[in-house]
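Enquirer: Curious how this folds, go ahead:
(2 chains)
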Amino acid sequence: MTAENNLEKQLEDLRRAIGSDESLVENVMDRIEAIPTPKAHKVEKARTTIIVRRLVMNRFSKFAAAAVVIVAAVLSVTFLGKLTAPAYALEQTIEALKNVRYMHIVRRGEAGQVEDERWIEIGPDGVQARYRQDTPPNFLVVDNLENIFIYYKDKNTVLLYGPDGQRYTWIWNLGEFLEDLAGRGSVTIEKNADYWGSKAHRVRWLKSNQDCYIDPETKLPIAMGAYEISYEEPPEGTFDIPTIPGGVTFVDKRPGAPEKPEPEWMRSGEVAQKRFNEARGASAKGEYEKAVELFRRVVEIQPLRNWAWFWMGRAHYELGEHNAAIYGFSKVIDMFGKFEIVPHYCHLARGFAYAAKGMEEMARQDFEVALPVMIDALRHIEGARLFDFADDPLRCGDGLLEGCHETPGKRQSLAMMINRLKVITGQNFGYDPEATAEQNEKAIALWEQWFNDSGEIKFAPHAELVAVPDTQE
Amino acid sequence: MQSDAELVNAVLEGQKQAFAALVKRYERPVRAVAMDVLGDHESVQDTAQDAFIKAYENLAGLRRPEAFGPWLMKITYRCALNMAGQKPKEAALEQQDGFPIESTDGRLDEEKQRVLAAVIKLPEGEKQVVMLRYFSGHSVRDVATILGRGVGTVTKQLSRAHKRLRTILKESEK
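Expert: Numbers count the residues shown, from 1 in each chain, chains lettered A, B, ... in the order given. Below is the predicted model:
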């Protein structure tokens, strides 16, 4: 029996064993009889009223302000620069954003349930005014500019700040997205792309490869990563500070309130940050056992600290503990999967760990996820930023300030990316970091063609690497 | 033969009966995913029903009707995990301890578990094609229509899936 026939037989045997339930259709249809017919939901269009309000500016709100202003500016640059089509969409997007008063941001789970919901009121200068974030079951924040109410449901604790307290905003997606685009502007645009069955303009955020979609009709962003954005007015009372629930620990942080010690778990955040920085230092020095132990203590306190999981995986990998490395990398991949974000750098790292174990097929699957982005980064080097960050635990960012390494320059980043590609593909197609972009375009195209045609991975851990320049430029 | 997208849209337009076609089409793939998590037929039956009901209730939240299959599989996986949480601990212990599982008590034998686990590991696109072709028993042409893809694309995906399955199965023997 040939291998092909054998596989088909195995699948056929499995099909029989899985079996079927003759009454399933009937039972399901009986049960849905009592359920109302589902209706497709429609996104409400933006309202165009403007409010005038004096705003308390701090680091966070300034950032949010910049965000909304920058999105317009950046999209303008991007569209004008990348498309040959008229810039009408851009100008209208800028105009539309000026008139936005409210943003409603929602992330849904796999079954359509709301997992994260935010309402943002925007002032006339584009600055975040009032804000509400509800992330069940753990977190509720209401900021009405006079008070900031934070209910950590999982900790059964309410914190109430005055107007100078820590402000919350949608920094993680919108802010960083806009900061990135504003700084580099190197994004790819696809007009009239498919967005869940509708047409929308797609803007790719290279740093983390998330897509942002612009509604061709309203010219407003309607989605970013896993978040849907709409612009309707919030229900009455959305920004009202809730009544403090009974039975919770209440920490009053408003000016003039009597001093009260913070709960233990809040102080543990500082401890985690200290350990995290120590662990990064240990990793950079090659003290991997110490790094593993320190990162482990971080994730015990902050189980969602993705870089702690990732670099713990890297430290395990360096120690030859490949299963533990795969576990750490998989944690990060799963963590981001919920947000429809693909951490390509993490697939690359996990691919290495699988390859080191001799599990070539698993390695190949991970490399296949990372490769298109890696090849594309040779054109848009911004796409290499996270790979560079992942390779250097002392890179500036994520809380490490003193003694951190600056972001590499373009030529450094390019050389590092070529080396990664050489190691997992065994190819370089004549790419020369010293040559012009036009000369190298042929090599990049060949790399892409190779991937699309066959993409046979030739894992070459000892490949001859190109020299990474010492200086940023 | 209607595509998934056409059937989903029909349900959203009020034709409840169109959902029956989706249930029929995806019954075995749903059972396969549930079985990979749960291991026995009895729980699989309940999970399959729950998954389809949940999918129906949340159909309006499905933004790309053509992605119905992978979306349903994720719902099934979640339902199966929930169901697994409700199972008596003895069952979980038995599997952890590596006792051979007999096929006579409604569970898959070890070899079939291995093949199923390999199918579940396939990339999303290939997994769906394999499940519709082999578990639901559709022709390649029908699979192409169901998924709104070209016949050539489906053939290519099947061929890649075969190659990948053989490698995964070989590696799982190690």
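Enquirer: Tell me if I'm right that A:L160 and A:V248 touch.
Expert: No - counting by CB atoms under 8 Å, A:L160 does not reach A:V248; the two are 11.1 Å apart. All C-beta spots, glycine's among them, are computed from the backbone N, C-alpha and C.
Enquirer: out of the two, which sits in the busier spot?
Expert: Neighbours were counted for A:L160 and for A:V248 using other CB atoms under 10 Å in any protein chain shown; A:L160 has more, 18 against 14.
Enquirer: give me every residue that touches the more buried one.
Expert: The neighbourhood of A:L160, defined by CB atoms under 8 Å, 6 or more residues apart in numbering or on different chains, consists of A:147-150, A:241, A:244, A:250-254.
Enquirer: Next, it: secondary structure please.
Expert: Using DSSP: H, G, I helix; E, B strand; the rest coil, the secondary structure recorded for A:L160 is strand.
Enquirer: who's it bridged to?
Expert: With DSSP bridges applied, A:L160 shows beta-bridge pairing to A:F149, A:D252.
Enquirer: do the same with A:L140
Expert: According to DSSP bridges, A:D134, A:Y151 are recorded as the beta-bridge partners of A:L140.
Enquirer: Any idea how many residues pack against it?
Expert: By the criterion of other CB under 10 Å, A:L140 has 17 neighbours.
Enquirer: Can you pull out the residues in contact with stretch A:22-39?
Expert: The contact list for stretch A:22-39, computed with CB under 8 Å, 6+ apart, reads B:11-12, B:14, B:16-17, B:19-20, B:23-24, B:27, B:45, B:48-49, B:52-53, B:56-60.
Enquirer: Swap in 10 Å and give it another go.
Expert: With contacts defined as CB atoms under 10 Å, 6 or more residues apart in numbering or on different chains, stretch A:22-39 is touched by A:21, A:112, B:8, B:11-17, B:19-24, B:27, B:30-31, B:45, B:48-53, B:55-62.
Enquirer: how much distance is there from it to the middle of the chain?
Expert: Going by CA atoms, centre = their mean, to the nearest Å, the spacing between the C-alpha centre of stretch A:22-39 and its chain's C-alpha centre is 37 Å.
Enquirer: export that stretch as CSV, just CAs?
Expert: Included here for stretch A:22-39 are C-alpha records, laid out as CSV according to Å, rounded to 0.1, in the frame of the first residue of the first chain:
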residue,chain,number,x,y,z
GLU,A,22,-28.5,11.2,13.1
SER,A,23,-30.7,13.3,15.5
LEU,A,24,-28.3,16.2,15.6
VAL,A,25,-29.9,18.3,12.9
GLU,A,26,-33.3,17.7,14.3
ASN,A,27,-32.2,18.5,17.9
VAL,A,28,-30.4,21.7,16.9
MET,A,29,-33.3,22.9,14.8
ASP,A,30,-35.7,22.2,17.6
ARG,A,31,-33.6,24.2,20.0
ILE,A,32,-33.1,27.2,17.7
GLU,A,33,-36.8,27.4,17.0
ALA,A,34,-37.1,29.2,20.4
ILE,A,35,-34.2,31.5,19.6
PRO,A,36,-34.9,34.8,17.8
THR,A,37,-33.4,35.0,14.3
PRO,A,38,-29.9,36.6,14.5
LYS,A,39,-29.7,39.9,12.7
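Enquirer: If you count neighbours, what's buried in it?
Expert: Counting neighbours by 16 or more other CB atoms under 10 Å in any protein chain shown, one finds that the buried residues in stretch A:22-39 are A:24-25, A:27-29, A:32, A:38.
Enquirer: Also stretch A:346-358?
Expert: The neighbour-count check on stretch A:346-358 (16+ other CB under 10 Å) flags A:346-357 as buried.
Enquirer: Show me those residues that map onto helices.
Expert: Using DSSP state H, the members of the buried residues of stretch A:346-358 that fall within helices are A:346-357.
Enquirer: Now render the residues you listed as TSV, adding distance to chain B and pLDDT.
Expert: Converted to TSV, those look like this (distance: CB to the nearest CB, whole Å; pLDDT from 0 to 100):
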residue	distance to chain B	pLDDT
A:C346	17	95
A:H347	12	94
A:L348	17	94
A:A349	19	95
A:R350	14	94
A:G351	14	93
A:F352	17	92
A:A353	14	93
A:Y354	10	90
A:A355	12	88
A:A356	14	87
A:K357	10	86
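Enquirer: where does the chain have its least confident helix or strand?
Expert: As the question left the chain open, I've gone with chain A. Taking mean pLDDT, DSSP states H and E as the measure, helix A:59-82 is the helix or strand of chain A with the lowest mean score, a mean of 35.
Enquirer: Switch to chain B, please.
Expert: For chain B, counting by mean pLDDT, DSSP H and E, helix B:89-96 ranks last in confidence among helices and strands (a mean of 30).
Enquirer: right, and the helix or strand after that helix?
Expert: Read in the C-terminal direction, the helix or strand following helix B:89-96 is helix B:110-121, with elements assigned using DSSP states H and E.
Enquirer: Pass me the low-pLDDT residue ranges in the stretch 151-300 of chain A, would you?
Expert: Screening the stretch 151-300 of chain A residue by residue with the criterion pLDDT under 70, one finds the ranges A:166, A:170-190, A:196-197, A:204-210.
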